[in-house]
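*Asks:* sequence isn't available, so here's the structure alone:
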C-alpha cells in the first residue's frame, strides 16, 4: 500500500435553496470531490476566505446584501485565480459572463455540472512538439 494519497479537489458550493444545495453537494461528493457549502453570499465569502478551494459554484441570485456576482467580485479580490461556475434560472447578462469561467442555466442536469467541473479542473496542457 502506498503512503501517497492524492488530494481530492475541493469544491465550494454556494446555493441558497436547501434541497438543491444538499442534492448537488451529494452528487459532487459522490463524483470524488470534497465539497463545502454555504447558503448565502456572506457565508460563501467567509468560506472562501477560510478554506482553499479549487473551484466555486455560485448561484447568481443569492439573497441578502451580497448576491452571487458581488460575492465573486469580493472573492476574486482575495484570490484572482479563483475558478467559478455561475448558475442562474435566468439567461446570463453580459455583465455576468466575465465573472465566470462557465455559466449553467437552471435547471441543468447533474451530469452537465459534473462535466463542467471536470473541464474547469483539468490541467492546462502546453502545446509541445508532436
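*Replies:* Alright, I've got the coordinates. These numbers were taken from a predicted model, which means no experiment stands behind them.
*Asks:* got the contact list for residue 100?
*Replies:* Shown here is residue 100, whose contacts under the criterion CB atoms under 8 Å, 6 or more residues apart in numbering are 72, 84-86, 92. Using the backbone N, CA and C atoms, a C-beta is placed for each residue, glycine as well.
*Asks:* let's see it at 7 Å
*Replies:* By CB atoms under 7 Å, 6 or more residues apart in numbering, residue 100 lies in contact with 84-86.
*Asks:* okay, the residues you listed in TSV with neighbour count, secondary structure and distance to residue 28 next?
*Replies:* Rendered in TSV, the data for these read as follows (neighbours: other CB atoms under 10 Å; DSSP: H, G, I helix; E, B strand; the rest coil; distance: CB to CB, whole Å):
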residue	neighbour count	secondary structure	distance to residue 28
84	22	strand	15
85	20	strand	11
86	22	strand	16
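*Asks:* any low-confidence regions in the protein?
*Replies:* Counting by pLDDT under 70, the chain contains low-confidence ranges at 1-6, 95-96, 124-130.
*Asks:* what segments of it are strands?
*Replies:* Per DSSP state E, the chain has strands spanning 10-14, 34-38, 55-59, 84-88, 102-105. These are given in chain order.
*Asks:* which helices and strands does the last one pack with?
*Replies:* Packing partners of strand 102-105 (3 or more CB pairs under 7 Å, 6 or more residues apart in numbering; DSSP states H and E): strand 84-88, helix 110-121.
*Asks:* deepest in the core, which of these is it.
*Replies:* Mean neighbour count, computed with mean count of other CB atoms under 10 Å, is highest for strand 84-88 among these, reaching a mean of 22.
*Asks:* return the member of the contacts of residue 100 nearest to residue 27.
*Replies:* Among the contacts of residue 100, residue 85 lies closest to residue 27 (CB to CB), at 13.8 Å.
*Asks:* residue 97 versus that closest one, what's the distance?
*Replies:* Applying CB to CB, to the nearest Å, one obtains 12 Å for the distance of residue 85 from residue 97.
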